[in-house]
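Colleague: compute the structure for the input listed below.
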Amino acid sequence: MAVNLNNDTVSILHSALREGMGPKYRRLARRLEALILSRGLRTGEKLPAHRDLAALLGVTAGTISRAYGELRKIGLISSRVGDGTFVLELAKKKRKETDFKPYGGGEPGRYDLSRNTAIPGRMLTSVSETLRRLALQPEALEELLQYGPELGLNRHRAAGARWLSNHHSDANAEQIVCVNGGQHGLFCVLMALLERGDTLVSEQFTYPGLISACRILGINLVGLKMDDEGLIPKSLDAVCRTATVRALFCTPTLQNPTTAVLGLERRAEIARLCRAHNLLVIEDDAHGVLVKDRHPHIGHFVPERSILISSLSKAIAAGLRVGYVHAPLPLVGRIGTMVRTNCWMANPLAFEMVSLWIEDGSALRFLEDQIEEIVRRKTLVQPLLDGFVVKTHPRSPHFWIEVPSPWRASEIASELRQKNCLVAPAEAFAVDRDRTVQFLRASVSSAEKTDAAISEGFRILSAVLRNPSTTTAIH
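Modeller: Residues are numbered from 1 along each chain as shown. Reported below is the predicted structural model:
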């Protein structure tokens, strides 16, 4: 589509600047929104570059950037580095209604393969025993039921450092912030360290919680190219040379959803580029805890600019909502302020339970249980996926399955839903949904409690992939 706006559109935008109320960028954003909704600007139409439109309207390029940012926030336009800014389909304004959800509903007769979560085990008995122990310590309980420091109680931070030290040799209790799970930690980090309109880069397929958080906070998320090893350093370098990037979000070990694992040399190169381009490094370690003897985090090479986010949602139990943020000392207070601002503190009772498990070694035993059960379940269902292109890792709780051509992953997922089987299509993880590959994520760590139920879910998945409805083909 042409980049030049017609005279009528330019006149309308000039009128908005002359007659509207509020900051100029908001006047322009409101008028551009009206034009898109009324089809005055059509789906797929390329908008002028920031500087070109600024010169045309007699405003600064920053004003145009902020106006475009407002439209991205509500899902009306999409910016692609090197390509430009385009008007999206109006249906994409409603994408929040169909976004990936971590909770499948637990309906009877439904086979939920869409979620990665800790599998219940002997930890359930320990919950009861630990609560009984705490009930016999009224003074300790009284402390846990009061307001506490936003960073967490000192003993909880120390336990968090000990947990991370099993996987991250540089963990320090003074650098720990206790958070209500990894998603809460990520949100606090983004609020504390980035501003609306900043650009954050990540793998082109990434954790859905990051995508929704960036949309809510008005952060411009740009996807980077990947291969079988994960993030490609050259893609990071290329984007940083053409755009002002504030931070990198990366999952080096068991990347979600592709299961890729970055090699040691590539981690060091990414760290070098982050230092060269002055980027913060935000690492997601939620699944990484499942892998033993793994490479150091990227932050090992650039500790002065590295934030590590870890949780127990995949290792012990998602419902505990226990997570840790490990950050450079100068940033800890800022992240803690965000914890205080949105929830005052992480839940002390849950952290007390987990801290006791970390101290007596139970937490590592629960982690071993998870790994053993993941391996066992994957061995059970793997034969049902024979003949398909499947990517996984021995410790990953899910398979990344390529949908046979010419079928579309989102439509396969829809057909499976009609058969009471839930999976997560690639679209749910795609930073740029216009460039989605045709893959599905199917997990063995679902809510199903019996081998028969897990096997049945994968049997349904296999059957639909082998013989999809004719309505699911890509046209």
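
Colleague: residue 459 reaches residue 380, doesn't it?
Modeller: No - with contacts counted by C-beta atoms under 8 Å, residue 459 stays clear of residue 380, the gap being 11.2 Å. Any C-beta I mention is one placed from the backbone N, CA and C, and that applies to glycine too.

Colleague: which ones are touching residue 13?
Modeller: Residues near residue 13 by C-beta atoms under 8 Å, 6 or more residues apart in numbering: 5, 28, 31, 32, 57.

Colleague: run the chain-centre distance for stretch 350-368.
Modeller: 25 Å (C-alpha atoms, centre = their mean, to the nearest Å).

Colleague: and it, C-alpha only, in CSV?
Modeller: Output of stretch 350-368 as CSV, limited to C-alpha atoms (Å, rounded to 0.1, in the frame of the first residue of the first chain):
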residue,chain,number,x,y,z
ALA,A,350,3.7,-19.2,51.0
PHE,A,351,7.4,-18.0,51.2
GLU,A,352,7.7,-19.4,54.7
MET,A,353,6.6,-22.8,53.5
VAL,A,354,8.9,-22.8,50.5
SER,A,355,11.9,-21.4,52.5
LEU,A,356,11.5,-24.3,55.0
TRP,A,357,11.6,-26.7,52.0
ILE,A,358,14.6,-25.1,50.5
GLU,A,359,16.5,-25.2,53.9
ASP,A,360,15.7,-28.9,54.6
GLY,A,361,16.4,-30.1,51.0
SER,A,362,12.7,-30.9,50.3
ALA,A,363,12.5,-28.4,47.4
LEU,A,364,15.3,-30.1,45.5
ARG,A,365,13.6,-33.5,46.0
PHE,A,366,10.3,-32.0,44.7
LEU,A,367,12.2,-30.8,41.6
GLU,A,368,13.6,-34.3,41.0
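
Colleague: so what touches that stretch?
Modeller: With C-beta under 8 Å, 6+ apart as the criterion, stretch 350-368 contacts 121-123, 126-127, 130-131, 133-134, 140, 144, 152-153, 155-156, 158-160, 162-163, 166, 178, 289-290, 312, 315-316, 320-322.

Colleague: and the residues you listed, which of them are in strands?
Modeller: Counting by DSSP state E, the part of the contacts of stretch 350-368 found in strands is residue 178.

Colleague: are any of the contacts of stretch 350-368 buried, and which?
Modeller: For the contacts of stretch 350-368, a burial check counting by 16 or more other C-beta atoms under 10 Å picks out 121, 123, 126, 130, 134, 144, 152-153, 156, 158-160, 162-163, 178, 289-290, 312, 315-316, 320-322.

Colleague: now do the helices in the stretch 251-400 of the chain.
Modeller: 264-276, 329-342, 348-360, 362-381 (DSSP state H, counting those that start in this stretch).

Colleague: give me whichever of these is most buried.
Modeller: Highest mean neighbour count among these (mean count of other C-beta atoms under 10 Å): helix 348-360, with a mean of 20.

Colleague: now the angle between helix 362-381 and that helix, please.
Modeller: Inter-element angle recorded for helix 348-360 and helix 362-381: 90 degrees (by axes from the mean of the first three to the mean of the last three C-alpha atoms, to 10 degrees).

Colleague: what's the weakest-modelled helix or strand in this protein?
Modeller: Across the helices and strands of the chain, the lowest-confidence element by mean pLDDT, DSSP states H and E is strand 77-80, at a mean of 79.

Colleague: list the contacts of that strand.
Modeller: 36, 47, 68, 71-72, 85-88, 92, 220, 222, 432, 434.
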